[in-house]
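Engineer: this is a predicted model, with the sequence first.
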Amino acid sequence: MPSPMPVSASPEDDQPEKIHLPRTSESEPLQKIRHTTSHVMAMAVQKLFPKVQVTIGPSIETGFYYDFDSPEPFTEKDLKAIKKEMTKIINRKLPVIREEVSREEARQRIQAINEPYKLEILEGLQEPITLYHLGDQWWDLCAGPHVESTAELNPDAFDLESVAGAYWRGDETKAQLQRIYGTAWETPAQLAEYKRRKEEALKRDHRKLGKELGLFIFSDSVGPGLPLWTPKGTVLRSILEDFLKQEQLKRGYLPVVTPHIARVDLFKTSGHWQKYKEDMFPLMAEDEAAAALEQGFVMKPMNCPFHIQIYKNELRSYRELPLRLAEFGTVYRYEQSGELGGLTRVRGFTVDDSHLFVTPEQLDAEFLSVVDLILSVFKSLQLKNFKARLSFRDPDSDKYIGSDEAWDKAQGAIRRAVETLGMDHFEGIGEAAFYGPKLDFIFQDVLDREWQLGTVQVDYNLPERFDLEYVAEDGTRKRPVMIHRAPFGSLERLIGILIEEYAGDFPVWLAPIQVRLLAVSEDQLPFAKQVVSQLLAIGIRAEVDTSGDRLGKLIRNAEKDKIPVMAVVGAKEVEANSLSIRTRAAGELGAIPVAEVLERLKAANENHANF
């Protein structure tokens, strides 16, 4: 898989030789190391703080955590002491011993050490009941896996990272616990690389850069997970929307606009109310009687039922198909507050949604066309490091709707498409939407984190549930197939990812402010303003810095604001009708005639490129 191309050639892009950092799910040895290290941490905590009770302590993708019920909050000083004690435990080379016991034996042992959380955990366990011991010093209920001895843990390859609040069983009505996060690796070199990436991630954090660049804000008065877009951020959104709208128009998509709320009955028909209710905002009913009958309005979690109503508004002929309806539709999902994260996990977000209504014979060609559009979008955004996930249903789960036949046909269409295109892909069983399978594009960013971006889904079920029809060539009524697709996915998530991928250094065509003119003195301001007028006239987003600061500070401010093209205007430039160009992507370019600057900027916009 190729690495993403750097956006600019600056010293900060120089990286040490790549060290692979496997996720827990990819490495059985790491799973054992991390799970065992979590037990070592719990043992250390209870030795240092005897009044602390333990709950659960699993491994996670880059490390582990343990939840504790502690009378006092853990501090940074405490974490250092816990880490020091953990190192001592590791160096004692304690054997890790697995023991099977009866349920009653486990209950008696737990009661003997007065651990009520373990009693509750025991109630939900299937037999055999297993305990894991660290020597004869400490034990916990656990299914494993673990290493055979703490001697297999490298005391220089783990660290404790942070403390966070967590509710027991994730329930806000239950006890609030303290969760200590840690990370563990096979080698110190892996730990050092992990820390380096974490530091780089902090520099690139879209929440930090978004604030510094003035793109968006969050307000407690509005509520968590509901971003407010500033003028610059709105420009960025508009650029992305306009870009995709133009691509869609070229490919025969028809724009539509739908409301933000609808009767709950619409989502009962689609199945969202039954299968997705806990992720939706509560029902808005006129009175208690209506609420008891589940009658009222809800904020939409999806756009598809609305587009279906537009399709159903009139009887369609096969000649009208495929019908491609597209909308930048804002949807609302009641994410738990602890799951929110900047722009990447919000409660109100805009989807570049489209629904294609096709005949069964058109399905394969239209699906391939959608994939081609998604790949074209990724190319323009310089997103290269991605793979395709075939998100299929889990046949043992009851969360899906529709017949086995419908699912087999839909999954077959997706499999044919990726095989036809020769795409690198893998299957994700259980990742399907409740109404149909998906082809999801999983992007790996410059820090090797994975994000789901574009998606395309095949759906035989909603056309059935809404009784959709078209008049076939022989005059009979037939059922269309739906394709759901979103090249961007969530516009908010995409922008958050782009901020971090580019480290705020947007290519010229995407930058909210593309050019800033820096006049050496007030004498050059009239010329600079005249050039800005020429730039604005051809659609280039330009401005003049009129602060009156010295040139050095003007340049530093433009660098801080990550303006992609800086144009210095002195007496020589005015006389020659030129601009001294400096770009963040390529550095000093020297004096360039104004006409050529305009031409190159216009080309950058048209070709979705840099200057």
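Structural biologist: Looks like it arrived, so ask away.
Engineer: and the strands in the stretch 201-350 of the chain?
Structural biologist: Along the stretch 201-350 of the chain, counting by DSSP state E, counting those that start in this stretch, strands occupy 216-217, 228-229, 254-255, 261-263, 297-299, 316-317, 323-332, 348-358.
Engineer: can you spell out which helices and strands pack onto the fifth one?
Structural biologist: Put plainly, it is strand 297-299. Helices and strands touching strand 297-299, by 3 or more Cβ pairs under 8 Å, 6 or more residues apart in numbering; DSSP states H and E, are strand 261-263, helix 264-270. Just so you know, the C-beta spots here come from the backbone N, C-alpha and C atoms, and that holds for glycine as well.
Engineer: hmm, who's touching the first one?
Structural biologist: Residues external to strand 261-263 that are found in contact with it (Cβ atoms under 8 Å, 6 or more residues apart in numbering): Met284, Gly296, Phe297, Val298, Met299, Lys300, Pro305, Phe306.
Engineer: buried residues in that strand?
Structural biologist: By neighbour count, with 16 or more other Cβ atoms under 10 Å as the criterion, the buried positions of strand 261-263 are Ala262.
Engineer: need the helices and strands packed on strand 297-299 in TSV with distance to Ser27, can you?
Structural biologist: Shown next, in TSV, are those (distance: least, Cβ to Cβ, whole Å):
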stretch	distance to Ser27
strand 261-263	46
helix 264-270	40
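Engineer: of all those, which lies closest to Trp451?
Structural biologist: Nearest to Trp451 among the helices and strands packed on strand 297-299 is helix 264-270 (26.8 Å), distances taken as Cβ to Cβ.
Engineer: list the contacts of that closest one.
Structural biologist: Contacts for helix 264-270 (Cβ under 8 Å, 6+ apart): 273-274, 276, 280, 283, 294-298, 300-302, 304-306, 308-309, 435, 462, 465-466.
Engineer: is Ser354 in a bridge, and if so with what?
Structural biologist: Ala326, Arg485 (DSSP bridges).
Engineer: list the contacts for it?
Structural biologist: Contacts of Ser354 by Cβ under 8 Å, 6+ apart are Gln248, Tyr253, Arg324, Leu325, Ala326, Glu327, His484, Arg485, Ala486.
Engineer: His146: which of the residues you listed is nearest?
Structural biologist: Using Cβ to Cβ, the contacts of Ser354 come closest to His146 at Ala486, 42.0 Å.
Engineer: residues in contact with that closest one?
Structural biologist: By Cβ under 8 Å, 6+ apart, the contact set of Ala486 is Val351, Asp352, Asp353, Ser354, Gly454, Thr455, Val456.
Engineer: how about Ala432?
Structural biologist: The contact partners of Ala432, taken as Cβ under 8 Å, 6+ apart, are Ser391, Phe392, Arg393, Asp394, Tyr400, Lys438.
Engineer: and the third one, how far is that from Leu363?
Structural biologist: As for Arg393, its distance to Leu363 is 18 Å (criterion: Cβ to Cβ, to the nearest Å).
Engineer: show me the helices in the stretch 51-200 of the chain, by range?
Structural biologist: 76-91, 103-112, 116-123, 188-204 (DSSP state H, counting those that start in this stretch).
Engineer: reformat the ones you listed as TSV; add mean neighbour count.
Structural biologist: Converted to TSV, those look like this (neighbours: other Cβ atoms under 10 Å):
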stretch	mean neighbour count
helix 76-91	16
helix 103-112	14
helix 116-123	15
helix 188-204	15
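Engineer: with mean pLDDT and distance to Ile129 as added columns, please give these in CSV.
Structural biologist: CSV is the format used below for the helices of the stretch 51-200 of the chain (pLDDT from 0 to 100; distance: least, Cβ to Cβ, whole Å):
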stretch, mean pLDDT, distance to Ile129
helix 76-91, 96, 25
helix 103-112, 90, 5
helix 116-123, 90, 7
helix 188-204, 92, 34
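Engineer: okay, these in CSV with distance to Leu226 next?
Structural biologist: Formatted as CSV, these follow (distance: least, Cβ to Cβ, whole Å):
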stretch, distance to Leu226
helix 76-91, 32
helix 103-112, 44
helix 116-123, 35
helix 188-204, 23
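Engineer: more neighbours, Arg393 and Leu363?
Structural biologist: Neighbours were counted for Arg393 and for Leu363 using other Cβ atoms under 10 Å; Leu363 has more, 24 against 21.
Engineer: circling back to that earlier point, greatest separation within the contacts of Ser354: which pair is it?
Structural biologist: Largest pairwise distance in those, by Cβ to Cβ, is 14.6 Å, between Gln248 and His484.
Engineer: what about the two, which has more around it?
Structural biologist: Each of Gln248 and His484 has its neighbours counted (other Cβ under 10 Å); His484 has more, 24 against 18.
Engineer: that one and Gln336: what is the separation?
Structural biologist: On the measure of Cβ to Cβ, His484 and Gln336 end up 25 Å apart.
Engineer: any figure for the gap between the nearest residue to Gln514 once chain neighbours are set aside and Leu510?
Structural biologist: Once flanking residues are discounted, Gln514 sits nearest to Arg541: 4.7 Å by Cβ to Cβ, 6 or more residues apart in numbering. Taking Cβ to Cβ as the measure, Arg541 falls 10 Å from Leu510.
Engineer: how about Val147?
Structural biologist: 48 Å.
Engineer: repeat for Thr87
Structural biologist: 47 Å.
Engineer: cool, Asp396 as well?
Structural biologist: Asp396 is 44 Å from Leu510, by Cβ to Cβ.
Engineer: who has more neighbours, those two?
Structural biologist: Leu510 (23 against 7).
Engineer: contacting residues for that one?
Structural biologist: Per Cβ under 8 Å, 6+ apart, neighbours of Leu510: Leu236, Ile239, Leu240, Leu498.
Engineer: pull out the buried residues from the contacts of strand 261-263.
Structural biologist: Looks like the contacts of strand 261-263 have Gly296, Phe297, Val298, Met299, Lys300, Pro305, Phe306 buried, using 16+ other Cβ under 10 Å.
Engineer: mind listing what the second one touches?
Structural biologist: In other words, Phe297. By Cβ under 8 Å, 6+ apart, the residues touching Phe297 are Ile261, Ala262, Arg263, Val264, Leu283, Met284.
Engineer: from what I can see the last one touches Gly296, true?
Structural biologist: Meaning Met284. Yes. Contact criterion Cβ atoms under 8 Å: Met284 and Gly296 qualify, at 5.1 Å.
Engineer: among the contacts of helix 264-270, the buried ones, what's the PyMOL command?
Structural biologist: Buried members of the contacts of helix 264-270, defined by 16+ other Cβ under 10 Å, are picked up in PyMOL with:
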select buried, resi 273+276+280+283+296+297+298+300+301+302+304+305+306+308+435+462+465+466
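Engineer: chain neighbours aside, what residue packs nearest to Phe527?
Structural biologist: Nearest one to Phe527, counting by Cβ to Cβ, 6+ apart, is Val574 at 4.7 Å.
Engineer: which helices and strands does the host helix or strand of the one you found pack with?
Structural biologist: If you go by DSSP states H and E, Val574 is part of helix 571-576. The contact analysis (3+ Cβ pairs under 8 Å, 6+ apart) places helix 571-576 against strand 578-583, strand 587-593.
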